[in-house]
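Novice: fold the following.
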Amino acid sequence: MTTAAGSAPATVRIQPPRRAWWKVPFQVLGRAAANFVEDRGTQMAAAISYYALFSLFPLAILAAAIFGIVLRDADVQARVLDAIVGVLPVEDSSVADQLRSVGDHPALRAALDLDRAVDPRAELESILRELYDVQESHHRSIKLIDRAVDHPELGSFWQTTGRVTPRTLLARYIESRIGSGQFRKLPDVRLGARIVIEVIATWAMHIKWDPTPEGFEPAAARESAIAFLISGLLPDP
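Specialist: Below you'll find the predicted structure:
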């Protein structure tokens, strides 16, 4: 542009094109969505949720084991355990049910309060079915807990409540019924109780992870195992 003599050249300012203000939020959201996809946001969110959920389970077992050692009162232990499992964010509640019921054997405990059984066969069958139900109904949760045995601080809960307690109660029960003449005598009562627990655990839980399954029907396995154990404990008619 030509200017008058002796005057400074005029400055021409070019105004940038104005963007519509209402487009800015959509542009921000679009860029955010693009970055989310590029950074694999869905996969990262799923991974965080997965590990966060399953880390609560061993922590709950650890807490239950610690409180079981510190708190000797059974009622206090039950209330603390209920409080722990009550905050688990699991809709299926299988983990919470397992923590609550793994050491609860009402039929077995009720039988221990009696000196003799009115019907030894019916009483024994009820106890065996109760033990089988716990293992079969919660076999996935029990398998997870069972694998925590490699870590003593996590496995102590399952070792005590899930294995030692039922074996001890069952041994007392068998010994009581042998003393009353309603069960056949065994060379070693504690070993007999352990055999019962192991047979139930094999067919109610471990068989489901058998690398070479033979196609047994769960109902047939259940009835066969229970019939086998009853015949082994009751005297010949």
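Novice: how is this protein divided into domains?
Specialist: With domains defined by automatic domain parsing, the chain comprises 31-91, 102-233.
Novice: least confident of those domains, on average?
Specialist: In terms of average pLDDT, domain 31-91 trails the rest of the domains of the chain, at a mean of 62.
Novice: how many residues are close by residue 178?
Specialist: 17 (other Cβ atoms under 10 Å). Quick note: C-beta positions are derived from backbone N, CA and C, even for glycine.
Novice: the one 5 residues further on now?
Specialist: By the measure other Cβ under 10 Å, the count of residues near residue 183 is 22.
Novice: report the secondary structure state of it.
Specialist: The three-state assignment at residue 183 reads coil, by DSSP: H, G, I helix; E, B strand; the rest coil.
Novice: ramachandran angles for it?
Specialist: phi -120, psi 160 (degrees, to the nearest 10).
Novice: give the contact list for it.
Specialist: Contact analysis of residue 183 by Cβ atoms under 8 Å, 6 or more residues apart in numbering lists 120, 174, 177, 233-235.
Novice: in helices only, show me those residues.
Specialist: Judged by DSSP state H, the subset of the contacts of residue 183 located in helices is 120, 174, 177, 233.
Novice: these two touch, right, the first one and residue 235?
Specialist: No. When contacts are counted by Cβ atoms under 8 Å, residue 120 is not listed as touching residue 235 (9.1 Å).
Novice: between the two, what contacts are shared?
Specialist: 182-183.
Novice: so between the two, which is more surrounded?
Specialist: Counted by other Cβ under 10 Å, residue 120 and residue 235 do not tie: residue 120 has more neighbours, with 19 against 11.
Novice: got the phi/psi numbers for the residue nearest to residue 139 when sequence neighbours are not counted?
Specialist: Closest residue to residue 139 apart from its sequence neighbours, by Cβ to Cβ, 6 or more residues apart in numbering: residue 205 at 4.2 Å. Taking degrees, to the nearest 10, you get phi -130, psi -60 for the backbone angles of residue 205.
Novice: now swap in residue 138 and tell me
Specialist: The phi/psi pair for residue 138 (degrees, to the nearest 10) is phi -120, psi 30.
Novice: can you offset everything so residue one is 352?
Specialist: Sounds good: first residue 352 from here, last item residue 489.
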